[in-house]
Every structure is written in structure tokens, then in C-alpha cells.
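In: Predicted model and sequence below, questions to follow.
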Amino acid sequence: MGRFIVSGLATGVIYGLAGLGLVLIYKGTRVFNFAQGEFGTVAMYMLYYVVEANDGPYALGMLAGLFAAVVLALLTERLVARPLASAPKVIALVGTAGFALFTIGIELAVAKPEPRSVAPAISGGGVPLFGFIVSGQKILALVVLVIVAVAAGLFFQRTYLGMGILANSQDSVATRIMGANANRISQLTWGIAGLLGGIAGVLLAPESTIVPGYMTTNILIPAFTAAVVGGMTSLPGAFVAGEIIGLVEGLGQYAITRFPGLEVVPEGQAVLLFAVLIVTLVVRPNGLFGSEA
């Protein structure tokens, strides 16, 4: 059972990071960003091309992946979010979905459907926990989650830029009256969301088979569930809910293994996600930590 818990918590790190990006965009624009998953997929591909295809330094590959994710996020903001800022929110939502599909099409044209893989950033033994060896890659992911959580908290509570993003999400008109540049705030919000998606992508890449649209098809729904369970407007809630979702998946896999003849399938995990989502919406419609700030 221990290994399922540890594995679930490690997977929850990815959900939390991706969910945080969704919450950040929603707080600033009240739009669910369907392109969030592709920020991570592009980062995965860039890591692969630098490290595996060109035998470059791993650190350079990670930086290139993060850079590519931020650039894609800024393009989404400039080409989709900003032109549709005054349009109905459902139109903006469809716009981000269309941009995600466009990005997946580019990935298919450039990288082809051929699956690819990347070596872990930290190889070697690992650390024993609950009778299960936790890989260095999973430990790295957990450490990064803590660092990002602390950095995000300090950024939004202690810096003018962070407080400007929060103020703009609550009352954009008042923020403009106070002299803030709405376009700059929008760019910063999307850039940070892209960075978070990129971090999730480069951390997940060594434990995944990289194919076009990977993060959208495999991570976006769990990340959305984490965002809703956490409160959709709560940044810390996305982190906590991501770990909860990962833990639920891990325990669900453990429960299935207790019944001979049953297999762990993606459809079963989807059922668990929707069950958690429905229960949360019924019991606490605003999520565990839902708030406006």
C-alpha cells in the first residue's frame, strides 16, 4: 500500500502544478484555459530534443523547455486571450481549446506521432519509504512543489506585481484607475501559468511516453479537478487538491489490486476523478479553499 501512496503523492505534484496554472488564469480572466496542458507538452518535447536528440546538458534542456512553455503561453495571451477579453467567456474558452488543438497539430506535423522518452534528471538508487524505493525524480518533483508553493505565496503576498495580479482579478476597472497596466498584468499572469505548465512537463517527461498532446489528454482533466476541488480561485488549494487527487488515484489502484483478475485502467481512474469532483460540488460548491482572493 505504501508504494501506491507515495506514487500517488508524486503524481499529485504534477496535478497541483498544472492546476495552479489553471487557477491563476481563471483568477485573472475568469476563463478556463484549455491550452494549459500544451504548455507542458511543448516543454517535454524541448527537453527531449536538447537532451536526447542533441546530447545536450540536462539543465539546458530543462531551461529550454521552460522557455518554450512561457513563449507559448505569451502567444496564447496575445493571439487568443487579449483579442477575446471583452467577448463572452465561453467564446474565450473555445478560443483556448482551439489554440490547444492548433498546437497539437503543429506537434504532429513536426514531431510525428512517434513516441519518445527522456532519461530522468536524477538517476540512481532512490530513498526507501514504506518499503518502497522512491526514485530521485519523484523526490525532485516533491522538492520543486514545496519551492514553488513557497515562492508563489511570497510573490502574491509580498510583491507589487503579485498583488497587482490579485487586485486585477478582483476588480480590473479599479486596478486600471490606480494606474496599473492591464496588458502587462495579463502578460505576467499568462507567463507564470506557462512557467508552471513547463515545470510540470519537464518533471513528468522522464516518467512518461512523450507524444503530441500528452499533457492535454492525460493531465488536463486531473488538473482541472484539482483546481475545482481546491476552490478554482485558491492558489494554495490547487496544490493541496492536486495531492488529494493523486492520493485518491493511488489508493484506488491499491484497492483494485486487492481483487484478483481486475486491472488498473485509465477509465477506472477517470471514474474516481469524476466521483471526487461530483462529491466536492455537492458538499462544497466553492471548493475546499474557495475565495475571491
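Out: Sure thing, it's come through.

In: Look up the pLDDT of the residue nearest to G12 when sequence neighbours are not counted for me, please.
Out: Closest residue in space to G12, ignoring its immediate chain neighbours: G246 at 2.4 Å, by Cβ to Cβ, 6 or more residues apart in numbering. Quick note: C-beta positions are derived from backbone N, CA and C, even for glycine. For G246, the pLDDT comes out at 86.

In: and the longest helix belonging to the chain, how far from the chain's centre?
Out: Counting by DSSP state H, the longest helix found in the chain is helix 2-29. Centroid separation for helix 2-29 versus its chain: 6 Å, with Cα atoms, centre = their mean, to the nearest Å.

In: Show me what counts as buried in it.
Out: Residues of helix 2-29 classed as buried by neighbour count (16 or more other Cβ atoms under 10 Å): 3-29.

In: What angle do helix 2-29 and the following helix or strand past it make with each other?
Out: Next along the chain after helix 2-29, taking DSSP states H and E as the criterion, comes helix 36-48. Put simply, helix 36-48 runs at 120 degrees to helix 2-29, going by axes from the mean of the first three to the mean of the last three Cα atoms, to 10 degrees.

In: coming back round to it: okay, the residue nearest to G12 and T225: tell me how far apart.
Out: 11 Å (Cβ to Cβ, to the nearest Å).

In: which residues are in contact with both of the two?
Out: Y15 (Cβ atoms under 8 Å, 6 or more residues apart in numbering).

In: Looking at F39 now. What's its pLDDT?
Out: In the prediction, the pLDDT value recorded for F39 is 96.

In: Kindly confirm whether my reading is correct that it touches G197.
Out: Yes - counting by Cβ atoms under 8 Å, F39 touches G197, with 3.0 Å between them.

In: Point out where this protein drops to low pLDDT.
Out: Low-confidence regions of the chain, defined by pLDDT under 70, span residues 1-2, 124-133, 168-180, 257-269, 290-293.

In: Do you have the strands of it handy? List them.
Out: Here the chain has its strands, by DSSP state E, at 127-129, 132-134.

In: How about stretch 277-289, which residues are buried there?
Out: 277, 280, 286-289.

In: Helices - which of the residues you listed land there?
Out: The helices, defined by DSSP H, take in 277, 280 from the buried residues of stretch 277-289.

In: Tell me the one of the buried residues of stretch 277-289 nearest T103?
Out: For these, the closest approach to T103 (Cβ to Cβ) belongs to L277, at 25.7 Å.

In: Setting aside sequence-adjacent positions, which residue approaches that closest one most closely?
Out: Excluding its sequence neighbours, the residue lying closest to L277 (Cβ to Cβ, 6+ apart) is T225, at 5.0 Å.

In: Next, the contact list for that neighbour, please.
Out: Counting by Cβ under 8 Å, 6+ apart, the residues that T225 touches are 15, 19, 241, 245, 273, 276-277.

In: now the residues you listed as JSON lines including distance to L75?
Out: What follows is the contacts of T225, written out as JSON lines (distance: Cβ to Cβ, whole Å):
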{"residue": "Y15", "distance to L75": "25"}
{"residue": "G19", "distance to L75": "22"}
{"residue": "A241", "distance to L75": "28"}
{"residue": "I245", "distance to L75": "29"}
{"residue": "L273", "distance to L75": "29"}
{"residue": "V276", "distance to L75": "33"}
{"residue": "L277", "distance to L75": "30"}
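
In: No further queries at this time; thank you.
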